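Trainee: below: sequence and its predicted model.
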Amino acid sequence: PNLRAQSLPQQHKLTPADAALGDRFAEAMSADAGLLLIGAQGDDDRGSNAGAAYVFDLITGLQLTRLEDQDADAGDAFGFSVSISDALAALGAPAANDEAGSVSLFDALSGARLHTLTPDDAESFDRFGHAVALSGNLLAVGAPGDDDRAQNAGAAYIFDASTGAQLRKLIATDGQLEDALGMSIAIHENLVAVGAPFDNDNGSESGSVYLFDATTGAQLHKLTADDGAFQDLFGWSVAIDDDLVAIGAHSKDAAGVDSGAAYLFDALTGLQLDRYTPLDAQPGDWFGWSVDLEGRFLIAGARNDHVWGLSSGSASVFDIQTGQPLYRLLPNDGAEGDFFGASVAIDGGVLACGAYLDDDHGIASGSAYLYDTNYCSPADLAFPPALLDFSDLLVFLVAFENQEPLGDFAEPTGVFDFADVVAFLTAFAEG
C-alpha cells in the first residue's frame, strides 16, 4: 500500500482587512456550512487584547463579517475559543470578569450579538469559555479552572444556544486536583467530549477525555490511550464526527520526545480504533496540538514542526478508513516561528490551518490558509483518486508509449514528445 503523504496545493491565504501587530489571528478556528470562524484574541480595538473574531467564506476566502463584544475590556481575550454551527457563532472570553470567563453568541452573517453567557456558579479563575463547541441548538463550554471536585479539576456546561439558558453542568466522577477538565471540548448532537489533559491515570499529566450525554448529563465513558504515558497531554485537543472521536496528545513520545500523536475512538464503545503519527515525525513537533474530523478525514496540526525553520509548523491529513496518511499541508510562505497548524478546521473537504504568529501585518498578526481535498491533480491518472503514486506514473508511461490520449499530456495535439513527459512530471511533483 502507498504510505506517502502527498502535498495539497494552497488555495487561499487569509488575513483580516484590519490586521495588526499582536492580533494572534487564527489561534482558534471553526468551520461549518461553508463558513470559517476565526478568533483574534489579541485584537486591540476595544483595549489591549480585548479580542475579536472574523467570518470568512470557506470557498472564496472572502471576509464576510467582523465580530466584537461591545462590552469587552482590555485583556478579556474574546475569541480565544470559537465554534460555528450553520450561521451561529460562539466565542469564548476566558479572561473576562477576573478570569471567571464568558461566552458570546452571534449571528455570524449579520454580526448581531444574541447572548452573553456566564454560568450560574461563576467564580474568578474558572476560565469559563476556554473551549467552546456548538451543535445545532446546544452549546458546550469548558471551564478548566472550576474547583467543584478539587482545585482546577475543571468542569463543562451545556447551554441552550437559542435561549441562552444553562441546562446542566458536567463534572467527571473521578475528577482530581489540576485535571483541567474543559481544556478542550467537542459536541455532536447529544454527545459531548471533554478533555482533561492533566489527568494522571497513566502517569502524571498523561491525560484523558470524558464522554457525556448532553441531554442527561450522564458520564458515558472515560477515554485514555492504550499506550498512555507520563506527560502525554492526551486530550489537549478533541473533535467529534458522528460516533467517532479524534483526540490529540501533542507531547506523546511517539517518534522521539514530544513528537506527538493523534488517536481515534469509537464513542459508543469507548474503544480506541487507531493512532496516527506523520511518517516524518520528529522530536518536538507537537503533532496533535490541534485536531478536527470530518467523514474519512482526520487532520492534526504540528505547530512546532521545523520544515521552514524552527516552529514553522505543518499539518497532516489521514484517511481513517485505511489509517494511511493522505496529505501533508504546508504554507507557500512558511517561516520560522509561524506556528502553522496551531489551529485546524475542516468542512466539506476544505481544510483550514492557522498560523497565529505569522507576521505579514506585524509580529504575531497571524494568518490562515485554505486547502481543498476536492482538488484533483491532472497527474492523478490511476485508481484510487486523490492519491499520487507509482500507479499514476505507470499509467502515463503506458499511454505515452502507445500514443494514447492520456499520454498527450502537454496539449492535446496528437504529438507525443518530451514536452508531454516534462508536463506530467511537473504536475506529479506539484501534487
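Mentor: Noted; the coordinates are in hand. Residues are numbered from 1 along each chain as shown.
Trainee: so what's the residue nearest the centre of the chain up against?
Mentor: The residue lying closest to the centre of the chain (CA atoms, centre = their mean) is V344, at 2.8 Å. Listed by CB atoms under 8 Å, 6 or more residues apart in numbering, the contact set of V344 reads 29, 290-292, 299-301, 315, 351-354. (C-beta placed from N, C-alpha, C; glycine too.)
Trainee: neighbour count for those - can I get that in TSV?
Mentor: Converted to TSV, the contacts of V344 look like this (neighbours: other CB atoms under 10 Å):
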residue	neighbour count
M29	27
S290	29
V291	29
D292	29
I299	28
A300	32
G301	33
A315	33
L351	26
A352	29
C353	29
G354	32
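Trainee: which ones among the residues you listed map onto strands?
Mentor: Among those, the ones falling in strands (DSSP state E) are 29, 290-292, 299-301, 315, 351-354.
Trainee: which of these lies closest to R149?
Mentor: R149 lies nearest to V291 out of the ones in strands among the contacts of V344, by CB to CB, at 25.9 Å.
Trainee: how about the nearest residue to D201, chain neighbours excluded?
Mentor: Closest residue to D201 apart from its sequence neighbours, by CB to CB, 6 or more residues apart in numbering: T224 at 5.4 Å.
Trainee: so where's the stretch 1-150 of the chain shaky on pLDDT?
Mentor: Applying pLDDT under 70 to the stretch 1-150 of the chain picks out residues 1-5.
Trainee: repeat that for 50
Mentor: Along the stretch 1-150 of the chain, segments meeting pLDDT under 50 span 1-3.
Trainee: one step back: read off the pLDDT value for the residue nearest to D201.
Mentor: The score at T224 is 98. That number is its pLDDT.
Trainee: same thing with the one 4 residues further on?
Mentor: On pLDDT, G228 comes in at 98.
Trainee: so where do the strands sit in the stretch 1-150 of the chain?
Mentor: Along the stretch 1-150 of the chain, the segments classed as strands by DSSP state E, counting those that start in this stretch run 6-7, 10-14, 25-32, 35-40, 52-57, 63-67, 81-85, 88-93, 102-107, 113-117, 131-135, 138-143.
Trainee: looking at those strands, which is closest to D201?
Mentor: Across these, closest to D201 is strand 138-143 (CB to CB), at 19.2 Å.
Trainee: and for the closest one, what's in contact with it?
Mentor: 81, 83, 90, 92, 101, 103, 105, 117, 119, 126-134, 154-161, 167, 181-187, 189-190, 192, 194-195, 214.
Trainee: next one: stretch 164-177
Mentor: Residues from elsewhere that reach stretch 164-177, judged by CB under 8 Å, 6+ apart: 105, 114-115, 117, 119-121, 138, 146, 148-160, 179, 181, 192, 194, 196, 199-200, 210, 212, 214, 217, 219, 222.
Trainee: what's the closest non-adjacent residue to F416?
Mentor: Q403 (5.1 Å).
Trainee: and N152, by the same measure?
Mentor: Distances taken as CB to CB, 6+ apart put E178 closest to N152, at 4.8 Å, once the chain neighbours are dropped.
Trainee: let me see the contact set for the one you found.
Mentor: Applying CB under 8 Å, 6+ apart, the residues contacting E178 are 150-153, 198.
Trainee: likewise L393?
Mentor: F428.
Trainee: which strand residues bridge Y371?
Mentor: Note on Y371: beta-bridge partners by DSSP bridges are Q10, L351.
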